[in-house]
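**Q** Can you look at this prediction? I've put the sequence above it.
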Amino acid sequence: MKRNTFLIGTVCALMCCACAPKAQNPSALDTIFARKSVRTYTEQAVAPEQVETLLKAAMAAPSGMNLQPWRFVVVTDQETKAKLAGPRGGMIAKAPVAIVVCGQTTWTHKPFGQPDAAEVTDLNRNWTADCAAATQNLLLAAEALGLGAVWTACYPYEERMATAVETLGLPEDVLPYCIVPVGHPGGDETPKDKWKPENIHYEKW
(Lines give C-alpha, C1' and ligand atoms only; values in the text may rest on other atoms or scores of the structure.)
Protein backbone atom coordinates (compact mmCIF):
# COMPACT_ATOMS: atom_id res chain seq x y z
CA MET A 1 0.00 0.00 0.00
CA LYS A 2 2.81 2.39 0.91
CA ARG A 3 4.54 1.62 -2.37
CA ASN A 4 1.38 2.35 -4.36
CA THR A 5 0.92 5.62 -2.49
CA PHE A 6 4.52 6.56 -3.28
CA LEU A 7 4.07 5.76 -6.97
CA ILE A 8 0.84 7.74 -7.18
CA GLY A 9 2.52 10.69 -5.50
CA THR A 10 5.48 10.53 -7.88
CA VAL A 11 3.23 10.42 -10.95
CA CYS A 12 1.22 13.39 -9.68
CA ALA A 13 4.40 15.37 -9.05
CA LEU A 14 5.65 14.69 -12.57
CA MET A 15 2.31 15.72 -14.04
CA CYS A 16 2.39 18.96 -12.06
CA CYS A 17 5.87 19.71 -13.41
CA ALA A 18 4.74 19.05 -16.97
CA CYS A 19 1.76 21.35 -16.54
CA ALA A 20 3.73 24.19 -14.93
CA PRO A 21 3.39 27.57 -16.66
CA LYS A 22 5.98 28.05 -19.42
CA ALA A 23 6.73 31.55 -18.16
CA GLN A 24 8.70 29.97 -15.30
CA ASN A 25 11.04 28.25 -17.75
CA PRO A 26 10.65 29.81 -21.19
CA SER A 27 11.80 27.74 -24.13
CA ALA A 28 14.10 29.00 -26.85
CA LEU A 29 11.07 29.57 -29.09
CA ASP A 30 9.29 31.52 -26.34
CA THR A 31 12.31 33.82 -26.10
CA ILE A 32 12.58 34.25 -29.88
CA PHE A 33 8.94 35.22 -30.24
CA ALA A 34 9.07 37.52 -27.19
CA ARG A 35 12.14 39.48 -28.33
CA LYS A 36 11.54 43.15 -29.01
CA SER A 37 13.55 46.33 -29.47
CA VAL A 38 13.72 48.19 -26.16
CA ARG A 39 14.81 51.82 -26.41
CA THR A 40 14.03 53.18 -22.93
CA TYR A 41 15.61 52.02 -19.68
CA THR A 42 15.35 52.51 -15.95
CA GLU A 43 18.30 53.70 -13.88
CA GLN A 44 18.79 50.22 -12.43
CA ALA A 45 22.27 48.90 -13.13
CA VAL A 46 22.94 45.81 -15.19
CA ALA A 47 24.93 43.32 -13.11
CA PRO A 48 28.40 42.33 -14.36
CA GLU A 49 27.29 38.69 -14.24
CA GLN A 50 24.44 39.52 -16.62
CA VAL A 51 26.82 41.27 -19.02
CA GLU A 52 29.09 38.22 -18.99
CA THR A 53 26.13 35.96 -19.74
CA LEU A 54 25.20 38.17 -22.71
CA LEU A 55 28.74 37.93 -24.06
CA LYS A 56 28.89 34.17 -23.57
CA ALA A 57 25.65 33.85 -25.53
CA ALA A 58 27.02 36.10 -28.27
CA MET A 59 30.16 33.98 -28.57
CA ALA A 60 28.06 30.82 -28.91
CA ALA A 61 26.97 31.97 -32.38
CA PRO A 62 27.95 30.15 -35.57
CA SER A 63 31.03 31.40 -37.38
CA GLY A 64 32.41 30.86 -40.89
CA MET A 65 35.40 28.48 -40.69
CA ASN A 66 35.07 28.91 -36.91
CA LEU A 67 37.19 32.07 -37.08
CA GLN A 68 35.07 33.75 -34.39
CA PRO A 69 36.02 37.27 -35.54
CA TRP A 70 33.75 39.01 -33.06
CA ARG A 71 35.28 41.38 -30.53
CA PHE A 72 33.31 43.29 -27.90
CA VAL A 73 33.81 46.58 -26.09
CA VAL A 74 31.64 46.98 -22.98
CA VAL A 75 31.04 50.64 -22.16
CA THR A 76 29.55 51.97 -18.92
CA ASP A 77 31.30 55.35 -18.75
CA GLN A 78 28.71 58.06 -19.37
CA GLU A 79 31.01 60.36 -21.34
CA THR A 80 32.08 57.53 -23.64
CA LYS A 81 28.49 56.45 -24.23
CA ALA A 82 27.55 60.04 -25.09
CA LYS A 83 30.38 60.20 -27.64
CA LEU A 84 29.29 56.93 -29.20
CA ALA A 85 25.71 58.16 -29.39
CA GLY A 86 26.67 61.36 -31.19
CA PRO A 87 23.71 63.18 -32.74
CA ARG A 88 21.55 60.08 -32.20
CA GLY A 89 21.82 60.57 -28.43
CA GLY A 90 18.99 58.93 -26.58
CA MET A 91 19.15 55.22 -26.04
CA ILE A 92 22.92 54.68 -26.30
CA ALA A 93 23.69 57.51 -23.89
CA LYS A 94 20.91 56.65 -21.44
CA ALA A 95 21.36 52.87 -21.26
CA PRO A 96 23.40 51.64 -18.25
CA VAL A 97 25.57 49.56 -20.59
CA ALA A 98 26.45 49.79 -24.27
CA ILE A 99 28.04 46.76 -25.91
CA VAL A 100 29.90 47.55 -29.11
CA VAL A 101 30.07 44.51 -31.37
CA CYS A 102 33.20 44.66 -33.51
CA GLY A 103 34.77 42.37 -36.08
CA GLN A 104 38.35 41.31 -36.75
CA THR A 105 38.50 41.82 -40.50
CA THR A 106 41.64 39.77 -41.17
CA TRP A 107 42.87 36.31 -40.28
CA THR A 108 46.34 34.81 -40.31
CA HIS A 109 46.88 31.23 -41.43
CA LYS A 110 49.07 28.85 -43.37
CA PRO A 111 48.05 28.36 -47.01
CA PHE A 112 45.81 25.32 -47.42
CA GLY A 113 47.76 22.16 -48.18
CA GLN A 114 51.10 23.83 -47.42
CA PRO A 115 51.91 23.06 -43.77
CA ASP A 116 55.55 24.18 -44.19
CA ALA A 117 54.72 27.51 -45.81
CA ALA A 118 54.90 30.85 -44.05
CA GLU A 119 51.69 32.24 -42.61
CA VAL A 120 49.70 34.71 -44.70
CA THR A 121 47.13 37.31 -43.71
CA ASP A 122 43.88 37.46 -45.65
CA LEU A 123 40.65 39.42 -45.42
CA ASN A 124 37.83 37.67 -43.58
CA ARG A 125 34.84 38.22 -45.84
CA ASN A 126 32.48 36.61 -43.31
CA TRP A 127 33.06 39.01 -40.42
CA THR A 128 29.81 40.95 -40.88
CA ALA A 129 27.68 37.79 -41.05
CA ASP A 130 29.41 36.36 -37.99
CA CYS A 131 28.92 39.59 -36.02
CA ALA A 132 25.25 39.64 -37.03
CA ALA A 133 24.80 36.12 -35.64
CA ALA A 134 26.58 37.09 -32.42
CA THR A 135 24.42 40.21 -32.08
CA GLN A 136 21.20 38.24 -32.47
CA ASN A 137 22.34 35.78 -29.80
CA LEU A 138 23.09 38.71 -27.51
CA LEU A 139 19.63 40.21 -28.06
CA LEU A 140 17.92 36.88 -27.35
CA ALA A 141 19.96 36.42 -24.19
CA ALA A 142 18.93 39.89 -23.02
CA GLU A 143 15.28 38.95 -23.53
CA ALA A 144 15.76 35.69 -21.62
CA LEU A 145 17.32 37.60 -18.70
CA GLY A 146 14.45 40.09 -18.54
CA LEU A 147 16.62 42.90 -19.88
CA GLY A 148 15.92 45.28 -22.74
CA ALA A 149 18.23 45.85 -25.70
CA VAL A 150 18.20 47.18 -29.24
CA TRP A 151 20.43 46.79 -32.30
CA THR A 152 21.79 50.16 -33.46
CA ALA A 153 23.87 50.05 -36.61
CA CYS A 154 27.42 51.25 -37.15
CA TYR A 155 28.43 49.32 -40.25
CA PRO A 156 28.24 50.29 -43.10
CA TYR A 157 27.69 53.95 -42.14
CA GLU A 158 31.12 55.57 -42.42
CA GLU A 159 30.45 58.46 -40.03
CA ARG A 160 29.11 56.20 -37.28
CA MET A 161 31.98 53.77 -37.74
CA ALA A 162 34.56 56.57 -37.62
CA THR A 163 33.07 57.85 -34.37
CA ALA A 164 33.27 54.42 -32.75
CA VAL A 165 36.80 53.76 -34.02
CA GLU A 166 38.05 57.08 -32.66
CA THR A 167 36.15 56.93 -29.37
CA LEU A 168 37.18 53.36 -28.56
CA GLY A 169 40.66 53.39 -30.06
CA LEU A 170 40.01 50.34 -32.22
CA PRO A 171 42.94 48.69 -34.05
CA GLU A 172 43.16 49.16 -37.81
CA ASP A 173 41.88 45.67 -38.62
CA VAL A 174 38.95 45.79 -36.18
CA LEU A 175 35.76 47.54 -37.30
CA PRO A 176 32.61 48.38 -35.33
CA TYR A 177 29.57 46.47 -36.53
CA CYS A 178 26.83 47.71 -34.22
CA ILE A 179 26.13 49.10 -30.75
CA VAL A 180 23.69 47.35 -28.43
CA PRO A 181 22.37 49.48 -25.53
CA VAL A 182 21.31 47.24 -22.64
CA GLY A 183 19.27 47.99 -19.53
CA HIS A 184 16.16 47.18 -17.58
CA PRO A 185 13.11 48.07 -19.70
CA GLY A 186 11.63 51.44 -18.87
CA GLY A 187 8.63 51.26 -21.19
CA ASP A 188 5.98 48.83 -22.34
CA GLU A 189 7.41 47.69 -25.67
CA THR A 190 5.88 44.55 -27.12
CA PRO A 191 7.13 42.20 -29.87
CA LYS A 192 5.98 42.81 -33.44
CA ASP A 193 4.27 40.08 -35.41
CA LYS A 194 6.51 39.76 -38.45
CA TRP A 195 5.06 36.51 -39.81
CA LYS A 196 4.31 37.02 -43.53
CA PRO A 197 3.59 33.83 -45.48
CA GLU A 198 3.76 35.81 -48.72
CA ASN A 199 7.51 36.15 -48.21
CA ILE A 200 7.99 32.39 -48.46
CA HIS A 201 8.61 30.42 -51.65
CA TYR A 202 8.91 26.65 -51.94
CA GLU A 203 11.12 24.80 -54.39
CA LYS A 204 11.31 27.83 -56.78
CA TRP A 205 10.45 31.51 -56.76
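**A** Perfect, I can see it now.
**Q** who's in contact with residue 34?
**A** Listed by CB atoms under 8 Å, 6 or more residues apart in numbering, the contact set of residue 34 reads 26, 143, 191. In short, each C-beta sits where N, CA and C put it, glycine included.
**Q** Sort out which of those are buried, if you could.
**A** residue 143 (16 or more other CB atoms under 10 Å).
**Q** List the buried residues for stretch 64-82?
**A** Quick answer for stretch 64-82 (16+ other CB under 10 Å): 67, 69, 70, 71, 72, 73, 75, 80, 81.
**Q** Between these, which sits nearest residue 105?
**A** residue 69 (7.3 Å; CB to CB).
**Q** Roughly how far does that closest one sit from residue 152?
**A** Distance of residue 69 to residue 152, given as CB to CB, to the nearest Å: 20 Å.
**Q** Specify which member of the buried residues of stretch 64-82 is nearest to residue 32.
**A** So of the buried residues of stretch 64-82, ranked by how close each gets to residue 32 (CB to CB), first place is residue 70, at 20.5 Å.
**Q** Check the secondary structure at the residue positioned nearest the centre of the chain for me.
**A** Central residue check for the chain by CA atoms, centre = their mean: the C-alpha nearest the mean position is that of residue 138, 1.7 Å away. Taking DSSP: H, G, I helix; E, B strand; the rest coil as the rule, one finds residue 138 in the helix state.
**Q** still on that earlier bit, from the contacts of residue 34, which land in helices?
**A** The helices, defined by DSSP state H, take in residue 143 from those.
**Q** Lowest pLDDT pick from the contacts of residue 34?
**A** Scanning the contacts of residue 34 for pLDDT, the low point is residue 26. It has 76.
**Q** I'd like the contacts of residue 34 as TSV, with distance to residue 180 appended.
**A** Below are these laid out as TSV (distance: CB to CB, whole Å):
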residue	distance to residue 180
26	21
143	12
191	17
